[in-house]
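Enquirer: Next come a sequence and a model predicted from it.
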Amino acid sequence: MSDHHPLTDLLETLTQRNFTKVGLREPTLPHYAAGVLQDFIHVDRLYKIRNTRGERIEDVGEMLLESDLRHRASSLERERSVRKHIGDFTLFFTGMFPESIRTRRTWWRLDRWLDWIETGKESYRIVGAFDMGPYAEEAALYRRLADSFDFMVVGLNFVRDDLRRLHDRRYEISREILED
């Protein structure tokens, strides 16, 4: 999507407003979160991590194994990219669909034992530790994402509520009246 797509503008506006509401005034954080929301509209991007057999991984615990050099990751680049995805994935679900995390916790899934917020923070911290070479400039952003994760989740909860209200016809009528 282009930077000036109406959905991009809506997500930027909602994240900026709601992140400010929870005390996050740094513009890079809502911009980053809006990008995650926009990116994950496409299910293939939400579940882009694949195992060696090419099967998509939906379990955060499995993603952690995939990111670990001692288990499945073939390189530091793979570790970093999977950890970035885990941070984005957990931010997305805890912020926008926290109720779905409970329904995902079946007996056979590894992620039933995980604290998704702590896992997201840890993943962003690891990505932030890649602070040399091509990643040096963006490392600080990921450290800020880790430090602000809890507030970002609350901000995204408010974004979710705003999006629900936008789909409520009574809210649309009220908005139309107020705009006239």
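Expert: Good, I have the coordinates. Residues are numbered from 1 along each chain as shown.
Enquirer: Any buried residues in stretch 122-130, and which?
Expert: Buried residues in stretch 122-130, counted by 16 or more other CB atoms under 10 Å: 122-128, 130. The C-beta positions use only the backbone N, C-alpha and C, and glycine is treated the same way.
Enquirer: now these in a markdown table, with secondary structure and pLDDT?
Expert: Listed next are those as a markdown table, based on DSSP: H, G, I helix; E, B strand; the rest coil; pLDDT from 0 to 100:
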| residue | secondary structure | pLDDT |
| --- | --- | --- |
| Glu122 | helix | 98 |
| Ser123 | helix | 98 |
| Tyr124 | helix | 98 |
| Arg125 | helix | 98 |
| Ile126 | helix | 97 |
| Val127 | helix | 98 |
| Gly128 | helix | 98 |
| Phe130 | coil | 96 |
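Enquirer: Tell me where the longest helix sits in the protein.
Expert: If you go by DSSP state H, the chain has its longest helix at helix 136-167.
Enquirer: In this structure, what helix or strand scores lowest on average pLDDT?
Expert: Ranking every helix and strand in the chain by mean pLDDT, DSSP states H and E puts helix 169-179 at the bottom, with a mean of 57.
Enquirer: Now Glu118: which helix or strand?
Expert: Per DSSP states H and E, Glu118 falls inside helix 116-129.
Enquirer: Gly87 too?
Expert: Assigned by DSSP H and E, Gly87 belongs to helix 76-96.
Enquirer: what angle separates that helix from helix 136-167?
Expert: Relative orientation of helix 76-96 versus helix 136-167 (axes from the mean of the first three to the mean of the last three CA atoms, to 10 degrees): 30 degrees.
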